[in-house]
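Asks: Fold the stuff below for me.
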Amino acid sequence: MKLAVTTHPPSVRKFLLAAFCLPFAFSQVLSSTVLSTENQLISEIPNARRPIECPADVETLIALLLRDLPSYANRVTQRARRRSRSVEVYSYVILAGRPEFEPLTLGPGEYTQAAPDSNSEDLRQVFLTTLERQYVGNKPVLLQQYHWLFLTKTDSGWLLAMMFSQTGLYPDERPPTAPRESSQGVIGQAIQIWLRDCRAGVIRPGNW
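Replies: Residues are numbered from 1 along each chain as shown. Modelled structure (predicted):
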């Protein structure tokens, strides 16, 4: 049976908005010292291939991210398993779905079109969906995760400023869990690692 990751239904987007009133102020995520160190490490690799320029437009960036996200997320999971073998339940990402770029407002109340500065060229909202398999008592369970990303653009490239996620059973149509801050979860870590690699020019090129 072919599995397809669905996009975010309007109810999920409204639920995200109703659960959080986000401040429109983001702290610096990555210092310029760290960013310059990334470039220095690449330049010091013997016979390193020429870095590939990371896409500046967010739509192209996310298309490449979705292609690589399952493998990056599963590597994060494998590293976590090696560090903590006492935890028996892990999820494996199967698919990453098509993104949505229409922003939500950052204030309370019913959904309305976002103000221009809440989705500017330097700060973009992106919605992603991932399909994951988890084994509970040797029985596979499919989970669908809804992710709300806030990406900020710097001189060195895109960074993940903030992220929220919800979890639901697939294909169960019951409402998903309440949103949680997830920038340090498996998907959040995978996105940050991928963006770092993209800034360093070491991801596989696409049609760009």
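Asks: Do you have the strands of the protein handy? List them.
Replies: Remark: strands assigned in the chain by DSSP state E are 91-96, 123-136, 139-154, 157-169, 180-181.
Asks: CSV for those strands, including mean neighbour count, mean pLDDT and distance to A80?
Replies: Heads up, the C-betas are built off the backbone N, CA and C, glycines and all. Listed next are the strands of the chain as CSV, based on neighbours: other CB atoms under 10 Å; pLDDT from 0 to 100; distance: least, CB to CB, whole Å:
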stretch, mean neighbour count, mean pLDDT, distance to A80
strand 91-96, 19, 94, 11
strand 123-136, 19, 93, 14
strand 139-154, 19, 94, 16
strand 157-169, 19, 95, 16
strand 180-181, 12, 96, 18
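Asks: between those, which gets nearest to G201?
Replies: Among these, the nearest to G201 by CB to CB is strand 157-169 (9.8 Å).
Asks: Neighbouring strands of the closest one in the sheet, and parallel or not?
Replies: Using DSSP bridges, the strands paired with strand 157-169 are strand 139-154 (antiparallel), strand 180-181 (antiparallel).
Asks: R174: how many residues sit nearby?
Replies: 6 (other CB atoms under 10 Å).
Asks: Compute the distance between it and T105, please.
Replies: Here the distance between R174 and T105 works out to 26 Å (CB to CB, to the nearest Å).
Asks: try Y72
Replies: Using CB to CB, we find Y72 at a distance of 30 Å from T105.
Asks: Comparing those two, which residue is more hemmed in?
Replies: A side-by-side neighbour count of Y72 and T105, using other CB under 10 Å, places Y72 first with 22 against 17.
Asks: what's the distance between the closest residue to the more buried one other than its chain neighbours and D197?
Replies: With sequence-adjacent residues excluded and distances taken as CB to CB, 6 or more residues apart in numbering, Y72 is closest to A190, at 4.0 Å. A190 sits 11 Å away from D197 when distances are taken as CB to CB.
Asks: do you know how far the closest residue to L65 other than its chain neighbours is from G188?
Replies: Sequence neighbours aside, W194 is the residue nearest to L65 in space, at 5.7 Å (criterion: CB to CB, 6+ apart). Distance check for W194 against G188: by CB to CB, it reads 11 Å.
Asks: Ok, S165 next?
Replies: Per CB to CB, S165 is found 8 Å from G188.
Asks: If anything else comes up later, I'll come back, but that's it for now.
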